[in-house]
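Q: only geometry, no sequence info:
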Ligand SMILES: Nc1ncnc2c1ncn2[C@@H]1O[C@H](COP(=O)(O)OP(=O)(O)OP(=O)(O)O)[C@@H](O)[C@H]1O
Ligand SMILES: [Mg+2]
């Protein structure tokens, strides 16, 4: 009952807020950039050759998979930004507004506040990202680049949604731990930057060390999932492209890491901490 | 004595912040339909007490019951019939006063159409009808405080906690609000109110509890004392002023 009330208000007020326009711009920007860039590569394949020079076999002709691959790299940053800007407000924002003790005094479970907000955001954010993705796919068709196989499309869409969900979960945890949304945002951003640095490090580290670090690398797991779903046809740049030998065992391991450890666990931890915390407006 | 005679019972209720004892083995009983004024110097523990009773702070030790429901064993039930005005009340500033009240009523378990009616009724009661549909961010300090007060009553609570409800109100608004509070208690509801303005406490309370350093220093039925509350207060509170 209270959950439903919270969800309705959150959805309505998010969509009507000024912030929402910023979210739309941030999320559309990489789509537009990528469509433009893909179109340029389509017109002048030499750009593509230069870009894929480090590949074992540099590409001479554009294809929809490579266009989506380059999209993932430029879209993760705005996705992280929107996820962090929005979710770090969940609890820290209520505290800053002086609304938190008031909410707590209502006959609702504390987890309903977190889950209500999380659910509302996902209901807006994930369809929006899907829509953006479809717009991009459609544009590739219109430009003449063509369309990738369905499993590749599903693979890339899964990647985008996974990034969004993981970044959001982590920001929620920081929001529960912080007194102000600005501190929560900052905390999450620093955490994500360190995490991304780790991703890049694994490219240059000796294989043994890299293999160990890859266990906690988001891009690594996402790349495995993508490689498997696409039947070994797709990958992401940061991890050096298409993963070799994406078998079912590796897929299940990486999939569970992303879903259980990196998405659900931070949320459960947030709820666990929030339920036990002393709440004051100060 | 039936347990329901008392709306609020605390039993050695204690809150420590690290080593600092903010509320110290406090035993308080407030009967149904009573207005209990809590007074005491800054930092006495008034807000901390209320924050425990609304289940925002976990007591370090001791227990408390609201309408017979234990705040630790049954926090959801204990909060079912309460209203609360926080000390530094905040808002969703881009909402209208009307929608804010409606939302607070709905969160309190009131069904949507009924919540809208309640929102209008309480906007009127605190004299905000005309501005009910403008955004809260355009309200003056006193208008915000009136809205915050309305919010505490909008979901039909049987026990209402008001932490400093009157500091920004103009004299007429203050009178109206106090009238509203008294009327509400007369219907059998219980009010716990803190304020530093002793004449206000004196005017509306049935019992007054004086707290200092987390402890009850005096508990009086106003009808039964001969001196004024101000005299009593000065004689009771030592203070750190020297
Ligand atoms: N989170 C906290 N950490 C440490 N000390 C705290 C915390 N919250 C409150 N206190 C302390 O507990 C004491 C009681 O505070 P409280 O807010 O209950 O006082 P009060 O009686 O409401 O005072 P006022 O009249 O100024 O509102 C104060 O000394 C305050 O500094
Ligand atoms: Mg106080």
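A: Perfect, I can see it now. Since this is a predicted model, take the numbers as computed values, not measurements. Ligands and ions are numbered 1, 2, ... in the order given.
Q: how many other residues sit next to residue B:216?
A: By the criterion of other Cβ atoms under 10 Å in any protein chain shown, residue B:216 has 18 neighbours. Every C-beta, even on glycine, is put in place using the N, C-alpha and C of the backbone.
Q: got a list of what it touches?
A: Neighbouring residues of residue B:216 by Cβ atoms under 8 Å, 6 or more residues apart in numbering or on different chains: B:26, B:27, B:28, B:209, B:210.
Q: any idea which of those is closest to residue B:41?
A: Distance to residue B:41 across the contacts of residue B:216 (Cβ to Cβ) is lowest for residue B:210, with 9.6 Å.
Q: State the number of residues packed around the closest one.
A: Residue B:210 is flanked by 23 other residues according to other Cβ under 10 Å.
Q: Compute the distance between it and residue B:167, please.
A: 19 Å (Cβ to Cβ, to the nearest Å).
Q: same check, this time on residue B:192
A: Plainly put, residue B:192 is 17 Å away from residue B:167 if you go by Cβ to Cβ.
Q: Comparing those two, which residue is more hemmed in?
A: Ranked by neighbour count (other Cβ under 10 Å), residue B:192 and residue B:167 place residue B:192 first, with 26 against 13.
Q: Helix, strand, or coil at that one?
A: strand (DSSP: H, G, I helix; E, B strand; the rest coil).
Q: give the contact list for it.
A: B:8, B:30, B:36, B:38, B:50, B:53, B:159, B:160, B:161, B:162.
Q: Nearest to residue A:178 among these?
A: The shortest approach to residue A:178 among the contacts of residue B:192 belongs to residue B:50, at 24.5 Å (Cβ to Cβ).
Q: Pretty sure the closest one sits against residue B:164.
A: No: under the criterion of Cβ atoms under 8 Å, residue B:50 makes no contact with residue B:164, lying 10.1 Å away.
Q: My read is that residue B:107 contacts residue A:6, right?
A: Yes: using Cβ under 8 Å, residue B:107 makes contact with residue A:6 at a distance of 7.4 Å.
Q: anything in contact with each of those two?
A: With Cβ under 8 Å, 6+ apart, residue B:107 and residue A:6 have common neighbours residue A:108.
Q: Let me know whether stretch A:94-109 sits next to ligand 1.
A: No: using Cβ under 6 Å from any ligand atom, stretch A:94-109 stays clear of ligand 1, coming no nearer than 11.7 Å.
Q: And the longest helix that chain B contains, what does it pack against?
A: For chain B, the longest helix by residue count, based on DSSP state H, is helix B:171-186. For helix B:171-186, the elements it packs on are strand B:35-39, helix B:141-153, strand B:159-163, strand B:190-194, helix B:198-204, judged by 3 or more Cβ pairs under 8 Å, 6 or more residues apart in numbering or on different chains; DSSP states H and E.
Q: Adding distance to ligand 1 and mean pLDDT, write these out as a markdown table.
A: Listed next are these as a markdown table, based on distance: least, Cβ to the nearest ligand atom, whole Å; pLDDT from 0 to 100:
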| stretch | distance to ligand 1 | mean pLDDT |
| --- | --- | --- |
| strand B:35-39 | 8 | 97 |
| helix B:141-153 | 15 | 97 |
| strand B:159-163 | 7 | 98 |
| strand B:190-194 | 7 | 98 |
| helix B:198-204 | 13 | 93 |
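Q: Save the ones you listed as a markdown table, and put in distance to residue B:95 too.
A: Shown next, in a markdown table, are these (distance: least, Cβ to Cβ, whole Å):
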| stretch | distance to residue B:95 |
| --- | --- |
| strand B:35-39 | 30 |
| helix B:141-153 | 10 |
| strand B:159-163 | 22 |
| strand B:190-194 | 26 |
| helix B:198-204 | 29 |
